[in-house]
Each structure stands twice: as structure tokens, then as C-alpha cells.
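J.: A structural model of the following input is requested.
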Amino acid sequence: MLLPQLAVAAYVRRLARRKVVWQIGAGLSLLSLLLMAVGTATLQGTHAGWAVLGLVTLFSLARGLCSVSAKDVLGKTVSKTRRGALMGYAAGISGVATLLVGLYLEYGLPQGTPGSGLFIGFLFVAAALWGLAMAAFALIREEPGATEGGGNAISVALHSLSLLRDDRDFRRYVFARALLLSVALAPPFYVLLAQSRSAGAAGLGVLIVASGLAGSLSAPVWGRLGDRSSRRAMVIGAASAGLLGLSTWVMEANDVALLGSVWLHGALFFGIALFHGGVRLGRKIYLVDMADTDNRSAYVAVSNTVTGGLMLLGGAIGVLGDLLSSGAVIGLLGMLSLAGAVFIARLKDVSG
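T.: Here you go, the predicted structure:
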């Protein structure tokens, strides 16, 4: 799922108009979700498992197409000081949708609803949303751009990796993004902490509501801040996530009674979702602003590839979760987040 993005980036650079790549990725995403819903409804046992695994692989490849091309189109069609606002409002709308799903799961779902039926319904809804996204993306007016830099997909893909050696600013960004994985890896451990300390009372719906609230309320603010300084958005998000992680660790280490409260865990999850949103938007805006039309797709592909590889290694964090308490892992990730904030503060400011 990772290395193909480098080849995709090489192909994208041959195209004068690049939104078609996003639409292909969206169409494949829609198809994989529809087939996943049908397979879940009609297949059983091993056949169902292999079918879902293959379709998740297809969905991941399709998302790679979208990831590489979307930032390229964004950089070509939206001016530098408006990209953050656009991404912020989009993330805010997504947050509202997440909030509605959480409220339904927590308060509107009829008792005894089969889990498989709910899952199939969500897949059909997700597929429909991809269809709407394709229609909306088709309306974007993208002017033809330069096609230099394309070539044999494999050779250009391998050449793109030399950016890590030759481009100091990009190399520092990739290292910063690697440190920011500490924020992305933290939410599951907050969930584990909630389950262990509140006897499972903090249900899926409560946590989805917290995540939806965080996204819907904060994303437009993070986007506006990112337009002023995407570096600052990353620093604030990473530092805040780090402090939250260390505070959570201290509470668990001292066996604070409040950790038995569902509301506290909802608040903690709200916090980490809030700060992760700032980090995610900040790094996206920073990458788009740092790049230009000639290298943007290569930047995205190389950055995603390196980060994806590190995410695989991040599975070692799960091993730590078996050796240490959830709070201790959260604290460790918090320290890495603070280190990331210090490093990012020294990056070149590319906004404005």
C-alpha cells in the first residue's frame, strides 16, 4: 500500500490535470465499500474474512491515489492563505457527521440491533458519501499544469526517495512527522484506559461523540491558525497532546479516583482528538505550502511511504501495552509528543 504511492506520484506528474486521479481513487473506494457490504451480507467464515481483507487492501490502495492527488489539486486551485480554512471546514463537517453517528450509537440505536447489520449499513452510507464526493470533485476547475518530471514510474519513484537526502527542509519535515506519530498512536490507549478503569462503561458511542465534538468545534479554528502558521498549529497540538498524556500518566500512577468516571474519560478522549486534529491539519497545510507544483506529488508520496513504514514499526507500541499499563504508554507517547513540539518549533515557517 505504501510503495505504490511513489509510482502513482510519478504518473501524476505526467498529467496536466490531476483531479482525474483522485476521482479514480474515489471510485475504487466506493466500489470496495459496496463489495465489502455485499460480501459481509452474503459470505460466511473464511470466505468472508478473505474477501474483506482483499477489499480493505483495495480500499487502502485507492486511498493512496486520493492522498497523492488531492494535495496536488489543492495546491493548484486554492491560494496559500486559504488552504487551511478549506481543510478546517471540511474536517469540521466530518466532525459533525462523526458526532451524529456517535449520538445514534449511544442513544438512538434500538436494543438488540445485530452488529453485522449495523456494519453493513455504515458501509453503504460510506459508499454513498464517496459517490457524492466524486460528483463534487468533478466540479473543481483545475487549470492545466506543467508535466515535467514524469517518466518511467519505477525509476522516478526510486529517484523521489533521494529527496530525503538532498532536500534538507523536506527531510526535517519527514522527521517531524515521524515524531508526530506519537499523537496519532495515543487514542487507542485512551480507549484501553477507559475500558479498564470504568468497567467498560465508557461505550463506543460516548467516545465517538467526544471525537465528533472535538472535530466539529476545533477544525475550523485549527485551519485558520494553520493559514497563519502551520508550524505553530503543529507545535500547539503536539505540546498540548504531550501535556495531556503526562497528566493522564500521573493520574493513573496515583490511582486517582476520578479515573472511574465515564465523563473524565470522555473529556480525555475529547482532548486527544482535539490536539490530534491540530497536528493533522497543521502537517497537511505545511506540506502543501512547502512544496510547489513540480514536487508536491513526490513530497506527498515519499512522506506517506516513510510514515507508513514507521506505522508498521509502531506495532511495537502494542507490545509495550502488554508490558506496561495503558497510562504508562500514554505518558511515554506524551514525552515523544513534547519532543516533537520542540523540534517542530525549529522548522522553517512556510505559511503566509
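J.: How far does the lengthiest helix in the chain sit from its chain's centre?
T.: Longest helix in the chain, counting residues (DSSP state H): helix 204-253. Computed by Cα atoms, centre = their mean, to the nearest Å, the chain-centroid distance of helix 204-253 equals 13 Å.
J.: if you average pLDDT over it, what comes out?
T.: Averaging pLDDT along helix 204-253 yields 90.
J.: name the element residue 94 belongs to?
T.: helix 83-103 (DSSP states H and E).
J.: so for that helix, what's the average pLDDT?
T.: Computed over helix 83-103, the average pLDDT equals 83.
J.: Now the element after that helix, going C-ward?
T.: Taking DSSP H and E, what comes next after helix 83-103 is helix 115-138.
J.: Okay, angle between that next one and helix 83-103 too, please.
T.: 160 degrees (axes from the mean of the first three to the mean of the last three Cα atoms, to 10 degrees).
J.: what distance separates helix 115-138 from the centre of its chain?
T.: Distance, centroid of helix 115-138 to centroid of chain: 18 Å (Cα atoms, centre = their mean).
J.: Kindly report the domain assignment for this structure.
T.: The chain breaks down by automatic domain parsing into domains covering 1-77+110-141, 80-109+167-347.
J.: ranking those domains by mean pLDDT, which is last?
T.: domain 1-77+110-141 (a mean of 82).
J.: Quick one: the strands in the stretch 251-352 of the chain, in order.
T.: Secondary structure of the stretch 251-352 of the chain (DSSP state E, counting those that start in this stretch): no strands located.
J.: any chance you could map the helices in it?
T.: 262-290, 296-313, 315-323, 326-344 (DSSP state H, counting those that start in this stretch).
J.: Residue 224: which of those is closest?
T.: helix 262-290 (10.0 Å; Cβ to Cβ). In this view, the C-beta of every residue, glycine as well, is placed from N, C-alpha and C.
J.: Go through the closest one and flag the buried ones.
T.: 262, 264-266, 268-290 (16 or more other Cβ atoms under 10 Å).
J.: Tell me which residues of the helix or strand encompassing residue 55 come out buried.
T.: In the assignment (DSSP H and E), residue 55 maps to helix 45-77. Residues of helix 45-77 classed as buried: 48, 51-52, 55, 58-59, 61-76 (neighbour count, 16+ other Cβ under 10 Å).
J.: any idea of the angle the helix holding residue 94 forms with helix 262-290?
T.: Using the same axes, to 10 degrees: helix 83-103 against helix 262-290 is 150 degrees.
J.: list the helices and strands the longest helix of the chain packs on?
T.: Judged by 3 or more Cβ pairs under 8 Å, 6 or more residues apart in numbering; DSSP states H and E, the packing partners of helix 204-253 are helix 83-103, helix 168-184, helix 187-197, helix 262-290, helix 326-344.
J.: Report the angle between it and helix 326-344.
T.: 90 degrees.
J.: Tell me what angle helix 204-253 forms with helix 187-197.
T.: Using the same axes, to 10 degrees: helix 204-253 against helix 187-197 is 80 degrees.
J.: residues in contact with the residue nearest the centre of the chain?
T.: Note on the chain: the residue nearest the mean C-alpha position is residue 280, at 6.6 Å, using Cα atoms, centre = their mean. Residues in contact with residue 280 (Cβ atoms under 8 Å, 6 or more residues apart in numbering) are residue 184.
J.: and what of the one 5 residues further on?
T.: Taking Cβ under 8 Å, 6+ apart as the contact definition, residue 285 lies against 83, 84, 87, 223, 226, 227, 230, 233, 351.
J.: Give me the helices and strands touching the helix holding residue 94, please.
T.: helix 45-77, helix 204-253, helix 262-290.
J.: Now for residue 258, how many residues are close by?
T.: 11 (other Cβ atoms under 10 Å).
J.: Sorry, slip of the keys, the one I care about is residue 23.
T.: With other Cβ under 10 Å as criterion, residue 23 counts 18.
J.: Next, it: secondary structure please.
T.: Judged by DSSP: H, G, I helix; E, B strand; the rest coil, the three-state class of residue 23 is helix.
J.: my guess is it meets residue 138, correct?
T.: Yes - between residue 23 and residue 138 a contact is recorded at 6.7 Å, counting by Cβ atoms under 8 Å.
J.: Just name the closest of the contacts of residue 285 to residue 325, please.
T.: residue 233 (31.0 Å).
J.: From residue 303, how far off is the closest one?
T.: From residue 233 across to residue 303, the span is 17 Å (Cβ to Cβ, to the nearest Å).
J.: And residue 242, by the same measure?
T.: Taking Cβ to Cβ, one finds residue 242 at 22 Å from residue 303.
J.: what do you get for residue 208?
T.: From residue 208 to residue 303 the distance is 29 Å (Cβ to Cβ).
J.: just residue 190 next, same as before
T.: From residue 190 to residue 303 the distance is 26 Å (Cβ to Cβ).
J.: now do residue 238
T.: Distance from residue 238 to residue 303, by Cβ to Cβ: 17 Å.
J.: more neighbours, those two?
T.: Each of residue 238 and residue 303 has its neighbours counted (other Cβ under 10 Å); residue 238 has more, 32 against 23.
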